[in-house]
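Undergrad: Just a sequence and a predicted model for now, questions to come.
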Amino acid sequence: MRRLWLRCNLQKVIFFFFALILLCVFIFVPAEVSERPRFIVEFGINCSAIYDMEPVEVNKCLVARKKRYVGPTDKNVVNATFDCDQFVASKGYDALQGSEFEREFPLAYSLVVHKNADLVERLLRAIYMPHNVYCIHYDQKSSDDFKSAMQGLTRCLPNVFIASKLERVQYAAISRLKADLNCLSDLMESEVKWKYVINLCGQDFPLRTNAELVSDLKMLKGRNMVESKRPGGKEWRWRFHHVLKNEISDNYELPITTNEKKIPPPHNIEMFVGSAYFTLSWEFVLFAQSSLARDFLSWSEDTYSPDEHFWATLVRVPGVPGEVLRSDPDITELTSKTRLVKWKNLEKNLYPPCTGEHVRSVCVYGVGELRWLLNYGHWFANKVDPNIDPILIECLEEKLLEKQMASNKTMK
């Protein structure tokens, strides 16, 4: 009986210790990031055939889009970055080296993001090179998991960092512009002697490899790539004072236009409008920290969507690095290569139809635009969203990888 009693109790002790070990593993070992669904594999889709617009392949995509996309959550990305060695190896960051041609011309990026950590990571990986430098500005209103995911990326990738000053970004307000300016200020302090800086958002995606982009940027010879047009009826944005907050200091959803007229811009600056997105030389960013630029920024504090006139106007200031003459023709979204956006009201005249979906009058691209995007000549596409068309992003990734591998073979 005593032996039986000891045996039973020994089994209980062993069971207890095994349970304790499993509990510790469950609590302290980070879960792997959930696998991202690969639609081109599941549905047997050939991206080259899509590029050639073969009807059978296009039809497969239409069928695939009916299936709901469920990608990794922000928390999954957080967990994946607990083990940096595994994360870097599994995502292929360690395989990205670049040629001597690219290393001699490092780039900088300002990523202003606020949600969908997995899509941000895909964008980062698509533009990543170890000799470049990347600043991430996340919105202070972002979820805790998203913030932790961004911090995880910076922990695992030494040339990626979080902006030293973060904003609560309000749409069409000065905080959106300041988010980029915060990153630019930090990037100017970087040990990486970058040549150009490009700003992106979380729904942008590259259309060129790093080598192709460097080749195009070298041809600029110090000029900037910024949309800059005559105001064309948008003068109200800066002719009147705008209120950002209500009486209890909460931000309005949009800045409110008042009847109070503003004084003209300082330093006899002539106003132009454009996009919040840019490709700027190091020398121009240095100028953007000058007293003239700071005065113009201060004057823009209470304007509507200052990010859409700040850069467009500064590049026209006489004598600035890479100056665009005030008398030069408009630089439109079609001639500025930085970012390709397809506006709904221009599709009939300037663009082929959107094959994805429209969100606030902007096309979220579908796979039917793969060939058009890659051949149009721009550097980045906006907008992409795996919830609308995951296959487009997968095919863009595949095509860019093919070109990168071909370039690597040529360089050897």
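TA: Arrived safely. Owing to the predicted nature of the structure, the values given are computational and were not obtained by experimental measurement.

Undergrad: List the residues that contact the closest residue to residue 74 other than its chain neighbours.
TA: Excluding the flanking residues, the one nearest residue 74 by CB to CB, 6 or more residues apart in numbering is residue 145, at 3.8 Å. Every C-beta, even on glycine, is put in place using the N, C-alpha and C of the backbone. Residue 145 is in contact with 73-75, 78, 117, counting by CB atoms under 8 Å, 6 or more residues apart in numbering.

Undergrad: rerun at 6 Å
TA: Counting by CB atoms under 6 Å, 6 or more residues apart in numbering, residue 145 touches 74-75, 78.

Undergrad: part of a strand, is it?
TA: No: with DSSP: H, G, I helix; E, B strand; the rest coil as the criterion, residue 145 is located in helix rather than a strand.

Undergrad: Let me know the pLDDT of it.
TA: If you check residue 145, the pLDDT there is 98.

Undergrad: if I look at it, how far off is residue 165?
TA: 22 Å (CB to CB, to the nearest Å).

Undergrad: buried ones in the longest strand belonging to the chain?
TA: When the chain is parsed with DSSP state E, its longest strand is strand 251-261. For strand 251-261, a neighbour-count test (16 or more other CB atoms under 10 Å) marks 251, 255 as buried.

Undergrad: outside of it, which residues touch it?
TA: 170, 172-173, 240-245, 304.

Undergrad: Kindly supply the ChimeraX command isolating those of these that are buried.
TA: Those of the contacts of strand 251-261 that count as buried under 16+ other CB under 10 Å are selected in ChimeraX with:
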select :170,172,173,240,241,242,244,304
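
Undergrad: Taking the contacts of strand 251-261 together, which two end up most distant?
TA: Greatest spacing in those, by CB to CB: 170 and 240 (17.7 Å).

Undergrad: one step back: what lines up beside the longest strand of the chain in the sheet?
TA: Strand pairing for strand 251-261, determined by DSSP bridges: strand 240-245 (antiparallel).

Undergrad: so for the strand it pairs with, what's the average pLDDT?
TA: 94.

Undergrad: CA atoms only for that strand, dumped as PDB, please.
TA: What follows is strand 240-245, C-alpha atoms only, in PDB (Å, rounded to 0.1, in the frame of the first residue of the first chain):
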ATOM      1  CA  PHE A 240      -8.300  83.000 -43.300                       C
ATOM      2  CA  HIS A 241      -7.400  82.000 -39.700                       C
ATOM      3  CA  HIS A 242      -8.400  78.400 -38.900                       C
ATOM      4  CA  VAL A 243      -9.300  77.000 -35.500                       C
ATOM      5  CA  LEU A 244      -8.000  73.600 -34.500                       C
ATOM      6  CA  LYS A 245      -9.500  73.100 -31.100                       C
END
